[in-house]
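*Asks:* The following comprises the amino acid sequence and a computationally predicted model.
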Amino acid sequence: MSARPSALAIKQVFVTTPEIRNAGIVDVEFGENVTVVQPVNLYRCTIEDGSFIGPFVEIQKGATIGKRCRIQSHAFICELVSIGNDCFISHGAMFINDLFEMGGPAGDNRERWRPTKLGTRVSVGTNATILPVTICDHVVIGAGAVVTKDISVSGIYAGNPARLLRSL
């Protein structure tokens, strides 16, 4: 006979009480005519006039969304991100403020976090990743692109790392 337990053996289950945190809208400064589609996680951020925030979006404290922006579903906008006016952030776009400079997450050591700034009329494609950079006005970031360096020339950028495909 085998010493292994049979498939019918009863498993011991440990029940613990998880820490439950509610997502929602907390201490957000809204401009006029802003639309938010829930569920979202928005806290201590600023969203200016005429902007749209889709479902399953997280915008963290201190982030600023300019006027007439459209933030599509599943986008993540972390602390230290400033988005200019008339910007479009597509589905699943991610903004990063921690470069893992010490080989892992900075955790609560905010001195290691870096800011990101988008100019006006910047469009960020689906599933693009934006590291801590500055992006000038009138830029299109292609779907799936990874922006690792500042962008100072208006144009269309794509790839990993993102590179200029053509000027606008």
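*Replies:* Structure's in. What do you need?
*Asks:* Would you point out which residue is most central in this protein?
*Replies:* Phe76 (2.2 Å; CA atoms, centre = their mean).
*Asks:* could you measure it against Asp98, distance?
*Replies:* 13 Å (CB to CB, to the nearest Å). Heads up, the C-betas are built off the backbone N, CA and C, glycines and all.
*Asks:* now Val15
*Replies:* 35 Å.
*Asks:* Which one's more surrounded, the two?
*Replies:* For Val15 versus Asp98, the count of surrounding residues by other CB atoms under 10 Å is larger for Asp98: 20 against 4.
*Asks:* Kindly tell me how buried the closest residue to that one other than its chain neighbours is, as a neighbour count.
*Replies:* Nearest non-adjacent residue to Asp98, counting by CB to CB, 6 or more residues apart in numbering: Ala106, 4.8 Å away. As a burial measure, Ala106 scores 16 neighbours (other CB under 10 Å).
*Asks:* does Ala106 sit in a helix, a strand or a coil?
*Replies:* Classification of Ala106 by DSSP: H, G, I helix; E, B strand; the rest coil places it in coil.
*Asks:* quick one: buried residues of stretch 136-154?
*Replies:* Cys136, His138, Val139, Val140, Ile141, Gly142, Ala145, Val146, Val147, Ile151, Ser154 (16 or more other CB atoms under 10 Å).
*Asks:* same check, this time on stretch 56-63
*Replies:* Applying 16+ other CB under 10 Å to stretch 56-63 flags Phe56, Val57, Glu58, Ile59, Gln60, Gly62, Ala63 as buried.
*Asks:* Inside strands: which ones of those residues?
*Replies:* Glu58, Ile59 (DSSP state E).
*Asks:* Dump the buried residues of stretch 56-63 into CSV; add distance to Asn33 as well.
*Replies:* Formatted as CSV, those follow (distance: CB to CB, whole Å):
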residue, distance to Asn33
Phe56, 22
Val57, 18
Glu58, 22
Ile59, 18
Gln60, 23
Gly62, 23
Ala63, 19
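*Asks:* Please consider this matter closed, and thank you.
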